[in-house]
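>>> Give me a 3D structure for the following:
(one chain, ligands or ions: 2)
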Amino acid sequence: MDKLRIGLVSVSDRASNGIYQDKGIPALEAWLERALITPFVLDKKLIPDEQSLIEQAICELVDESGCQLVLTTGGTGPARRDVTPDATLAIADREMPGFGEQMRQISLHFVPTAILSRQVGVIRKQSLILNLPGQPKSIQETLEGLKDADGNVIVSGIFASVPYCIQLLDGPYIETHEVVVAAFRPKNARRDTKN
Ligand SMILES: Nc1ncnc2c1ncn2[C@@H]1O[C@H](COP(=O)(O)OP(=O)(O)OP(=O)(O)O)[C@@H](O)[C@H]1O
Ligand SMILES: Nc1nc2c(c(=O)[nH]1)N[C@H]1C(S)=C(S)[C@@H](COP(=O)(O)O)O[C@H]1N2
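Ligands and ions are numbered 1, 2, ... in the order given. A predicted model of the protein is given here:
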């Protein structure tokens, strides 16, 4: 089985031009380190809000680097230069509408402007590509969901569905730390990996 390879794309005019420091990739990396038991390697790209560059970055990560999962952050809003969802749809083979719908549902628990994100989830070849908003805090919010003070889940984060989706795409078997996000799979898809 191939090793888990994850592509991270931070889309930001100002971070890519050095006007501010990119916090998107470090936030994605820190969350994945905390959440995943399965070892993984990362391919990272910081690019401006240019549709052709976003399409090229995602295609390189999927077609050349062989990433089974690509997470983008930034450029999902309604502003003229927010084109990440447009680029993602342009290179997609199939759309996975549930991811965008669920992220907006989750995000409404954090900010009333959640509906301003046009974020999408798609499949290209055998890779899952997910758009996250640009606010660095939204990375944990959407991937992990909302918990109460005792850590009980109020709304599931979208990452709960990512391992099974990648399994259905014949990718590696991904295990997560349940305290961060419990990966859900139907019983017949579960494997005992302890031996
Ligand atoms: N990569 C990033 N690093 C740090 N902060 C970010 C980053 N991307 C976005 N932000 C913060 O989140 C806000 C909303 O993100 P959005 O993707 O809409 O950026 P923006 O306003 O289009 O600007 P830019 O593309 O120049 O980051 C930004 O105004 C900024 O405060
Ligand atoms: N979880 C979460 N979702 C969020 C936000 C946030 O802070 N947290 N910000 C919203 C705002 S204010 C905007 S404009 C849209 C699009 O943001 P983007 O252009 O940075 O991708 O995402 C929305 N979704």
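
>>> Restricting to C-alpha, output the helix or strand of the chain with the lowest mean pLDDT in PDB.
Lowest on mean pLDDT, DSSP states H and E among the helices and strands of the chain sits strand 153-156, with a mean of 93. The C-alpha trace of strand 153-156 is given here as PDB (Å, rounded to 0.1, in the frame of the first residue of the first chain):
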ATOM      1  CA  VAL A 153     -18.700  16.200  19.800                       C
ATOM      2  CA  ILE A 154     -21.500  18.700  19.000                       C
ATOM      3  CA  VAL A 155     -20.900  18.800  15.300                       C
ATOM      4  CA  SER A 156     -18.600  16.400  13.400                       C
END
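
>>> Can that strand be said to contact ligand 2?
No - Strand 153-156 lies apart from ligand 2 when judged by Cβ under 6 Å from any ligand atom; the minimum separation is 10.8 Å. C-betas here are computed from N, CA, C, even on glycine.

>>> Can you pull out the residues in contact with that strand?
Outside of strand 153-156, the residues within contact range by Cβ atoms under 8 Å, 6 or more residues apart in numbering are 102, 105, 106, 109, 145, 146, 147, 148, 181, 182, 184.

>>> make it 6 Å
With contact meaning Cβ atoms under 6 Å, 6 or more residues apart in numbering, strand 153-156 is reached by 106, 109, 145, 146, 147, 148.

>>> Tell me who's in contact with the fifth one.
Each residue near residue 147 by Cβ under 6 Å, 6+ apart is listed here: residue 153.

>>> try 7 Å this time
When contacts are counted by Cβ atoms under 7 Å, 6 or more residues apart in numbering, residue 147 touches 153, 154.

>>> what bridges to it?
Note on residue 147: beta-bridge partners by DSSP bridges are residue 153.

>>> Now the buried members of the contacts of strand 153-156.
Among those, those scoring as buried are 106, 145 (criterion: 16 or more other Cβ atoms under 10 Å).

>>> Now flag whichever of the contacts of strand 153-156 is closest to ligand 2.
residue 106 (6.5 Å; Cβ to the nearest ligand atom).

>>> Does the closest one lie in a helix or a strand, and which?
Residue 106 belongs to helix 97-107 when elements are defined using DSSP states H and E.

>>> Which secondary structure elements does the helix or strand just after that helix sit against?
Moving toward the C-terminus from helix 97-107, the next helix or strand (DSSP H and E) is strand 121-124. Applying 3 or more Cβ pairs under 7 Å, 6 or more residues apart in numbering; DSSP states H and E, we find strand 121-124 packed against strand 94-95, strand 127-132.

>>> As a markdown table, these with distance to residue 188, mean pLDDT and mean neighbour count would be great.
Below are those laid out as a markdown table (distance: least, Cβ to Cβ, whole Å; pLDDT from 0 to 100; neighbours: other Cβ atoms under 10 Å):
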| stretch | distance to residue 188 | mean pLDDT | mean neighbour count |
| --- | --- | --- | --- |
| strand 94-95 | 24 | 98 | 11 |
| strand 127-132 | 21 | 98 | 26 |
